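# requesting a structural model of the entry that follows:
(chains A, B and C)
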Amino acid sequence: MTAEQLTRPAATFTGRSVRRKEDDRLLKAQGEFGDDTPLARPGYLVFVRSPYASARITRIDTSRAAQVPGYLDALLPAEVEELTDPFMELQPPPGDAEVDRCLASNGVVRFVGEPVVAVVADSREAARDVAAAVVVDYEPLPHVVDARVAIEESAPLVHEQVGTNVAFEATYDWGDVDFALANADHVVEVDELHFHRFSSTPLECTAITAEYDAGTDSFTFTGGFATPQLAVLNLVGALRHPASRLRVVSKDFGGSFGVKINNHIPATAAGLLARRLGRPIRWTETRTEHHYAGGHGNERWFRNVKLAVQDDGTVLGVTYDALDDIGAYSRYEPLGAVIWTQVANACYQFKHVKVRYRSVYTNKGPVHPNRGYSRMQHMWLVERMMDLAARKLGFDPVAFRLQNYVQPEQYPYTTVNGCVYDSGDLPRSLRTALDLIDYTGARALQEQARGTGRRIGIGIGSTLDSGTNNFAQARLLNAHIPFSGNTEGGLVRIGADGSIYATTGGVAFGQGHETTVAQVVADLLGVTYDEVHVQRGSDSSLSAQTGFSGSYASQFAVTGIGAIRNAALKLVREVQLVAAATLGATPEEIELHGGTARVITDPERALPLAAVAGIVHFSPAELPPAVADEVGLVGRAVYRAPFELPDLERKYGNLTLTYATQVHACVLEIDEETGEVSILRYAAVDDCGTPINPMIIQGQVHGATAHGISAALFEHFGYDADGQLSAANFYDYHAATAADLPSFAYGNVVSPSPFTPIGAKGMGEGGGAPLHAICAGIQDAVGEDGIVLESFSPPERVLRLLRGHNLEKARVTR
Amino acid sequence: MILPPLQYLRPRSVPEAVDLLSRVDGSTVLAGGQTLINMLKLDLVAPAALVDVHRLDELRGIELDAAGTLVIGAAATYREIAESPLVREHQPAVSTMAGGLVDRQVRNRGTIGGNCCLNDPANNFPPLLTALRARFRSTGGPIGIRSAEDFFTGTLATALAPDELLTAVEIPALPAGTVVEHAHLQLAADSWAIARAVVRLDVSDDTVSDARVVLGAVLGSPLRLSAIERALVGRPVDATLPQAADEAGALPIDTVDDLHCSAGYRREMAHVQLRRALRAAVERSTDVDR
Amino acid sequence: MSTDEDPHTITVSVDGQVEEAVVAPRTLLVHWLRDALDKRGPKIGCDTGNCGACTVVWDGLLVKSCMVLAAQVDGGSVRTAASLCGSDGTLNRLQQCFSEHHALQCGYCTSGMLMTAEDLLDSGDELTEAAVRRGLKGNICRCTGYHNIVKAIRAADGQDVDQDAGEHEG
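Model (predicted):
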């Protein structure tokens, strides 16, 4: 078998919509989610939280709480300050003076819902009663809830010791925007746009169990940790405890979508208490707590936006000032300040991009990297500007996009900042989407609706789902962060009985990793899908993880699968060695097929995998020593994404390996009297390269579509002037139900990536396409009457659009 | 999410329930629990004891009395009301409305009594029952029966004393030719009511002989718009009727800005829904004639 | 348990098994099922009765177990999603359809969703797309976008649904 044949196995399972391995236990209510694990002698942890957006803590009194039957312990801020080190900050000075711990530090609370005291009791009810008996006195301080105000000189500081509310600032300047603006035929200007604050709000709120074993001085944390090794790193730093004695486990995991990346923070408090009490600690986050403190998506203001356009419709470039409202603590931020640059060009052939970007603290819930993280915001802005420019300059919105898209023949396409778009066919994706909504028919419908009290609008949303990060981009944020590249781990082994077992470093929270891993391994090892057993969830003690292991940034199909492939290929080599020695052939003459290792030219000479295992495990003396020394039937491998360090000076270099495409189109109907929006038709076209499981891909597209539509029409984490969160539960924060959404038309284009092992691309986040499409659809419906400059469109705002909203904020200055 | 400490009491009869309510300090009625238990989870209320009435036979049941008045037990669930042949036949607006409330699970538990006693402006029953001239029977207090206007006293308030128990809602028979229509604006399929208008027209000889116009979703709801009601009486039931809403000028409604929308929008939408309810009532009336 | 509360002894049939227990009055049914009986079907996803992850059947009625006190179900019977498959663990038709049509991703909403779906199927109502969507109003999912859930339920109802996601292999 040649190396060529080896790397492209007969695709019996890969590429097919096989039923998922996860389904059985989940359908039978036998999954084990964070709060499912039965525990002996649990201590239940409840956080007492700040009711103020900004305040000094003047008194904490737990004496009454300690009298409540069932009370076990209380952890106070002063103890946390003594026992833990603050979490690592990514930003350079002055932002790195921020102090972040699992309980409010330095006597100050900075957002409503910030944890102040952690109490433990022996039952859920007792824990509630203990928490209710804790007395905390506060002295309210001035607070700021608008990033535009936070950057002003007079604004109260969220972190006094940082000296500014700007956690990080950078200017990105590629090409020559000033020249383009000075010389372009047209310039379209918009004063201000706003991308609102929302989050994926996974259905399972976080549930963490912290256990400490005194005998081995080791911690085990079980729960949803989307980036386990980073969680380990953070816990190790905070708890001052070695990583060799700290284990992080996830089993079944009810959605993360990025927001659960910071679970090490509450886990730290749980860990301290587990060690102190000598019993396992369970923290079960409530929905309300999750909305206050579980992480919001980036809220961003775009100001002084300018687009340079030529007479023939060519868009030269874009510039704006960005204020990213990151809330009270930075955490994974301000990586968002850099990550958006992965898609600086969005879907278009811009040659000039200039952005002044500031990550700004406010006294609101901290931002976590929510689905579409930071790229979605930029692409929304670009898509809005493209849409507006077409309208203002008299171009057809479809033709304008088609013309300016990166063209199929241009791939791999290097963007203004040196990112490389691997492959795609945006024009085809768009045409497919338009066919799916019957674009011509929709235009006719639009005409017919005029004057009937309803308006029809057709919207297009083009976006990219960049996947597999080059972590060197963190150096663009802070040159001292020693990160670069990206790896994922995988392990495949054959047990003593011939059974096949695979473990991945990825962390599944619904994406079907057990399934896709099994599909790929089955094909490589020549066995059936059913014969491959895949570890449920993740376990940091199992050698399958690398530093960047986890599920985030739309990458598993590349990194996770890549590592599994490499691991499986190592295993294949070992099987070949054993079979060759046993059957009297050379390793290159051995192929794996039908559960056996057999001689290609004489298939009757075959050894079942179970026999191979039997020899290695129980009869190694039968093997030549050289083979016996090499073979253990455990293939552990890493996939390394091919990256280099970017040019930090020019902020130039490839930051992401793959770019999946999403093009969505919608037909909306607006009630002219109320501003209500209904979706008449919705189509999503995705292109994520070579598919591993088409059914799973389509499911991800549906999910991202629902999230985006719901965010565009229903979801908003609004804060009032007092810094109080107004949508602190599922009654006030409306996550779309089946009754709110239509069925989706789906289309699929396949542009394999030239950069990945099998041409697959990461996907799943979705790039926010529904937000772009729905805004465009509303714009199309309101026509010249108003300008859509906000990502959130509740009926009242739509009604205002029909009556002249924002007209003064956009103009053609040339 | 965890409830505060409380007692759970399950009386076996209405007199026992009333006795518990008066004897046990800080006790409150538990019917379907679809609101109360959530309020307990969020620490919005802390009653010392819950008196569970949801299974009391005397409070369930849906009957028609000799005068054609529909009598619905206070603990009748939304689903029972929606599926009752008596309600469908005699008060179709009530069964249609009940069948669309919230979701399947909640309809199996939520009760007409609980809905009315809460009198949340977002609720559907209070404005509809006011338009239908419903009466509210209770026990344990000095007044055994109240009109809707006397029963609903303000936002989240009814005339019931703490020891009083609502036992039934009576809905008088609709004269022939009466139409009842309602229109509402909700921000999503199962979600916050921004505006709600219920219109009831008693019609004879294609003319409005009596009218009830009631708003929900405003402060102080259900709010009867008596001026509009008077303006409707005597008018022909035709396409000009909805103008009565506009002729009345600004509606006397009290509302505030909140997280979902501004007071101005709410006010405007109340007007829009009122017009739509009137239009629907006219259409229904003229359809019925044909 | 707090001394304010008189505990209640309850006898309940849960998934066909009679259970006797002593519960605090304030203990929610969902917590009792999960913590005392390790019933993992009913789950908690919110604190306002919106999400439906806790959906069970109590005395034949579909209810959200987060809005019922354990004490209330004394003398009654409760069925959770664990009761749906055969005693040998074979998936029932509805569950098969969910798997076939990829109607679950993370699985957290699935148990509640299955109970509601079963209720819809048993109702005898005509299960148009609109009717199914209305029927699912009380069950939130954040992964699937509902599209495949609606399909799976209609397939379980014997309707012909598009197989546009490609072939489905076991």
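
# and stretch A:185-202, what's buried?
For stretch A:185-202, a neighbour-count test (16 or more other CB atoms under 10 Å in any protein chain shown) marks A:186-190, A:192-202 as buried. Bear in mind the C-beta positions are built from the backbone N, C-alpha and C, glycine included.

# for these, which one is nearest A:Glu514?
Checking those against A:Glu514 by CB to CB gives A:Pro202 as the nearest, at 19.0 Å.

# quick check: the closest one is in a helix.
No. If the criterion is DSSP: H, G, I helix; E, B strand; the rest coil, then A:Pro202 is coil and not within a helix.

# mind checking how far it is from chain C?
Separation of A:Pro202 from chain C (CB to the nearest CB, to the nearest Å): 6 Å.

# swap in A:Leu607?
Counting by CB to the nearest CB, the separation of A:Leu607 from chain C is 28 Å.

# name the helix or strand for that residue, please.
For A:Leu607, the host element (DSSP states H and E) is strand A:602-608.

# domain map for the chain?
I went with chain A, as the question did not name one. Following automatic domain parsing, chain A resolves into domains at A:3-31+A:487-640, A:43-141+A:200-293, A:170-199+A:295-471+A:648-812.

# oops, I was thinking of chain B
B:7-52, B:57-171, B:179-289.

# need these in a markdown table (columns: mean neighbour count, distance to A:Gly495 and mean pLDDT).
Output for the domains of chain B, formatted as a markdown table (neighbours: other CB atoms under 10 Å in any protein chain shown; distance: least, CB to CB, whole Å; pLDDT from 0 to 100):
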| stretch | mean neighbour count | distance to A:Gly495 | mean pLDDT |
| --- | --- | --- | --- |
| domain B:7-52 | 19 | 47 | 96 |
| domain B:57-171 | 20 | 45 | 97 |
| domain B:179-289 | 20 | 50 | 93 |
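
# which helices and strands does the strand holding A:Leu607 pack with?
Strand A:602-608 sits against helix A:559-583, strand A:596-599, with contacts defined as 3 or more CB pairs under 8 Å, 6 or more residues apart in numbering or on different chains; DSSP states H and E.

# off-centre distance for the shortest one?
Offset of strand A:596-599 from its chain centre (CA atoms, centre = their mean, to the nearest Å): 42 Å.

# same check, this time on stretch A:59-69
40 Å.

# end-to-end on that stretch?
23 Å (CA to CA, to the nearest Å).

# now do the buried residues in that stretch.
For stretch A:59-69, by 16+ other CB under 10 Å, it's A:Ile60, A:Thr62, A:Ala65, A:Val68.

# what's the farthest-apart pair in those residues?
Applying CB to CB across these, the maximum distance is between A:Ile60 and A:Val68, 15.8 Å.

# ok so, going back, of all the domains of chain A, which one is nearest A:Ala150?
domain A:170-199+A:295-471+A:648-812 (5.1 Å).

# and that closest one, end to end?
End-to-end distance (CA to CA), domain A:170-199+A:295-471+A:648-812: 28 Å.

# as TSV, the domains of chain B with distance to A:Asn470 would be great.
Putting the domains of chain B into TSV (distance: least, CB to CB, whole Å) gives the following:
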stretch	distance to A:Asn470
domain B:7-52	45
domain B:57-171	46
domain B:179-289	40
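
# format those as a markdown table; extra columns: distance to chain C.
Shown next, in a markdown table, are these (distance: least, CB to the nearest CB, whole Å):
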| stretch | distance to chain C |
| --- | --- |
| domain B:7-52 | 4 |
| domain B:57-171 | 3 |
| domain B:179-289 | 5 |
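
# nearest to chain C among the buried residues of stretch A:59-69?
Closest to chain C out of these is A:Val68 (8.1 Å), distances taken as CB to the nearest CB.

# pretty sure the closest one contacts A:Ala126?
Yes. Applying CB atoms under 8 Å as the test, A:Val68 and A:Ala126 come out as touching, 6.4 Å apart.

# show me the contacts for B:Asn119.
B:Pro126, B:Phe152, B:Gly154, B:Thr155, B:Leu156, B:Ala157, B:Thr158, B:Ser221 (CB atoms under 8 Å, 6 or more residues apart in numbering or on different chains).

# can you name the two of those residues that sit furthest apart?
Of all pairs in the contacts of B:Asn119, the most separated under CB to CB is B:Thr158 and B:Ser221 at 12.3 Å.

# mutual contacts of these two, please.
Contacts common to B:Thr158 and B:Ser221, judged by CB under 8 Å, 6+ apart, are B:Asn119, B:Phe152.

# shaky segments in chain C?
C:1-4, C:163-170 (pLDDT under 70).

# domain map for it?
According to automatic domain parsing, the ranges for chain C are C:8-83, C:93-156.

# quick one: terminal-to-terminal distance for the first one?
Counting by CA to CA, the length from the leading to the trailing residue of domain C:8-83 is 26 Å.

# is chain B within reach of that domain?
Yes. Residues of domain C:8-83 contacting chain B under CB under 8 Å from any CB of the partner chain: C:8, C:25-26, C:28, C:31, C:44, C:47-49, C:52, C:55, C:61-64, C:66-69, C:71-72.

# look up how far chain C lies from the residue of the stretch 551-700 of chain A found nearest chain B.
Taking CB to the nearest CB as the measure, the stretch 551-700 of chain A has A:Glu673 as its residue closest to chain B, at 5.0 Å. From A:Glu673 across to chain C, the span is 24 Å (CB to the nearest CB).

# show me what contacts A:Gly767?
Per CB under 8 Å, 6+ apart, neighbours of A:Gly767: A:Val343, A:Gly372, A:Arg375, A:Met376, A:Met379, A:Thr463, A:Leu464, A:Asp465, A:Ser466, A:Gln662, A:Ala704.

# which ones among those residues map onto strands?
A:Thr463, A:Leu464, A:Asp465, A:Ser466, A:Gln662 (DSSP state E).

# and the furthest pair within the residues you listed?
A:Ser466 and A:Gln662 (11.3 Å).

# cool, thanks, signing off.
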